[in-house]
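> The sequence and its predicted three-dimensional model are supplied below.
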Protein chains: 2
Amino acid sequence: MKKKVAIQGIAGSYHDVAAQRYFEGEAVEPVPCDTFREVIEHVSAGTVGMMAIENTIAGSLLQNHELIREGNCRIVGEYKLRIMHSFAALPGTRAEDITEVNSHPIALMQCRDFLDTLPGAKLVECDDTAGSARWVAEKQMHGHGVICARRAAEMYGLEVLAEGVETNKRNYTRFLVIARPDLAEHMQQEAVRNKASLVFALPHTSGSLSKVLTILSFYDMNLSKIQSLPIIGREWEYMFYVNLTFEDYTRYRQALEAIIPLTNDLKILGEYEQGKQSI
Amino acid sequence: MKKKVAIQGIAGSYHDVAAQRYFEGEAVEPVPCDTFREVIEHVSAGTVGMMAIENTIAGSLLQNHELIREGNCRIVGEYKLRIMHSFAALPGTRAEDITEVNSHPIALMQCRDFLDTLPGAKLVECDDTAGSARWVAEKQMHGHGVICARRAAEMYGLEVLAEGVETNKRNYTRFLVIARPDLAEHMQQEAVRNKASLVFALPHTSGSLSKVLTILSFYDMNLSKIQSLPIIGREWEYMFYVNLTFEDYTRYRQALEAIIPLTNDLKILGEYEQGKQSI
């Protein structure tokens, strides 16, 4: 039986690629979703989800923090995917025949140097990379090029005309694997836990954050990410999303105990193994 | 002569509304741009720009931090706009005639409760709110409703069928006013400066951020926002974007001097007056 993983986008998208890599060795069946909110709905119904959280390709990732918190999802893992774009078209197309290139606006932006070598091509923004590939293939759009993952090109029968067309070769996206808390417990029974994602609110007094971070550093926690997000409905009050990495799980639990009295509404979004990174 | 302000989107967009409010009393002519990058290009050429930086409507705001830093723009002011959506259609349309509603996906999401009262209407996502209004007006799309700013409805000759249709009435977006550094100097000669936006990198050692924040709190700086962003090309190293508010400008400059030795590449993105907020 295939492992179902809810992703934003369709098969062949970068979310799909990340899911295939994270669950390497298992047969993964992506459950395509139009929106990140829909991914959360699938997770609430018991499917595992894969969600970009920090990247340069999908936009709106601040919202994904909120969705995970509100949706009461548990983070059970992460994967850092190098985004490597391919340039594809209907089989037999030559680069000089391309009159229009379709893709997600950020993918187009990331391939600007390559696209500048196709002066005759009009750039047309679409909702997603894999969707553009499917559309060009299904509608037999001759003369159209697509920026997408190699997986999408292969899946929809396009020919890859050029590989690695992104300007910056060191372009990574971090994806989170999320699950419903009861299922997460089950999945994580034997898992390594050396990273945690926390969210908390702070009273709006000078120095309240520095106190919390100082305590965390006394307990040898490494802060790998911090982000303040305004609390909707309480303007310009902030929630803080923090990622910690650590070697000693017990020390981490002690650090948590130590900061709880200085924070409001502290919530553990997940404890998991620090992610592998694709090359 | 009208004051030109580069905005993402077209006249009638929320960027336009924010520009009109910030420069109240001056005649503002929006310079429409397709992308935020284009806004930065206009700013480099000498036009003032208005750019959403923290909100729940436009997506990708993390990128705007990067664009401002890379584009070497100076922040000269901010405006916090309450996002109040109107529901508009061609004049004479009744709510029960609506078969399709067009708008930006996040605007649609923010009006979900209202849209649920229109069960017959299909929701169709478009690039922007004002663009949807213009399209429905120009193409005379009978039976189409639009979620947009009242300004857009009035500008393109649509009739407002319902006002304040956003679910959460306390929905604000913070916009930054940006200018080329030489022009910023000129604009800010007599300006109040009680807020600053900084960006810096930190060595990846445990506690490096807590040291910097502790020093800032010793100097009575209020941290109103903090955000780590991965540095492109140096994976999982981070830049920190920090907003400070303060009463004493001299103390602020002293605080800066005190943290410089502990940070890398510290850059002041702007010193400006803390923004007014629309009601």
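Cool, got the structure.
> Would you map out the domains in chain A?
The record's domain parsing of chain A by automatic domain parsing lists A:3-82+A:171-187, A:86-163, A:195-277.
> end-to-end on the first one?
Across domain A:3-82+A:171-187, the straight-line distance between its terminal residues is 13 Å, by Cα to Cα, to the nearest Å.
> now swap in the shortest one and tell me
Domain A:86-163 stretches 5 Å from its first residue to its last (Cα to Cα).
> was I right about residue A:249 contacting residue A:196?
No. When contacts are counted by Cβ atoms under 8 Å, residue A:249 is not listed as touching residue A:196 (9.3 Å). The way it works is simple: take the backbone N, C-alpha and C, and place the C-beta from them, glycine included.
> And these two? Which one has more around it.
Per other Cβ atoms under 10 Å in any protein chain shown, whichever of residue A:249 and residue A:196 has more neighbours is residue A:196, with 23 against 13.
> Tell me which helix or strand that one sits in.
strand A:195-201 (DSSP states H and E).
> chain center to that strand, what's the gap?
Centroid separation for strand A:195-201 versus its chain: 17 Å, with Cα atoms, centre = their mean, to the nearest Å.
> do the same with stretch A:149-163
Distance, centroid of stretch A:149-163 to centroid of chain: 21 Å (Cα atoms, centre = their mean).
> what comes up buried for it?
A:149, A:150, A:151, A:152, A:153, A:155, A:156, A:158, A:161, A:162 (16 or more other Cβ atoms under 10 Å in any protein chain shown).
> Nearest to chain B among these?
Within those, proximity to chain B (Cβ to the nearest Cβ) peaks at residue A:149, which comes in at 19.0 Å.
> For the closest residue to the closest one other than its chain neighbours, which residues are in contact?
Using Cβ to Cβ, 6 or more residues apart in numbering or on different chains and skipping residues adjacent in sequence, the residue nearest residue A:149 is residue A:17, 5.3 Å away. By Cβ atoms under 8 Å, 6 or more residues apart in numbering or on different chains, residue A:17 lies in contact with A:81, A:149, A:151.
> repeat for residue A:124
Per Cβ under 8 Å, 6+ apart, neighbours of residue A:124: A:100, A:101, A:102.
> so it bridges to which residues?
Counting by DSSP bridges, residue A:124 forms beta bridges with residue A:102.
> and the nearest residue to residue A:85 once chain neighbours are set aside, backbone torsions?
Among residues not flanking residue A:85 along the chain, residue A:166 sits closest, at 4.7 Å (Cβ to Cβ, 6+ apart). Backbone dihedrals for residue A:166, given as degrees, to the nearest 10, come out at phi -70, psi 140.
> same check, this time on residue A:46
Per-residue torsions, residue A:46: phi 110, psi 0 (degrees, to the nearest 10).
> Disregarding flanking residues, what is the spatial nearest neighbour of it?
According to Cβ to Cβ, 6+ apart, the nearest residue to residue A:46 is residue A:180 (5.9 Å).
> so that neighbour sits right up against residue A:73, yeah?
Yes. Using Cβ under 8 Å, residue A:180 makes contact with residue A:73 at a distance of 7.0 Å.
> Serialize the domains of chain A to TSV and add fields for distance to residue B:86 and mean pLDDT.
What follows is the domains of chain A, written out as TSV (distance: least, Cβ to Cβ, whole Å; pLDDT from 0 to 100):
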stretch	distance to residue B:86	mean pLDDT
domain A:3-82+A:171-187	23	90
domain A:86-163	26	92
domain A:195-277	20	87
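> Okay, helices next: where are they in chain A?
A:14-22, A:36-44, A:61-70, A:105-110, A:112-115, A:129-138, A:150-155, A:181-187, A:208-218, A:249-259 (DSSP state H).
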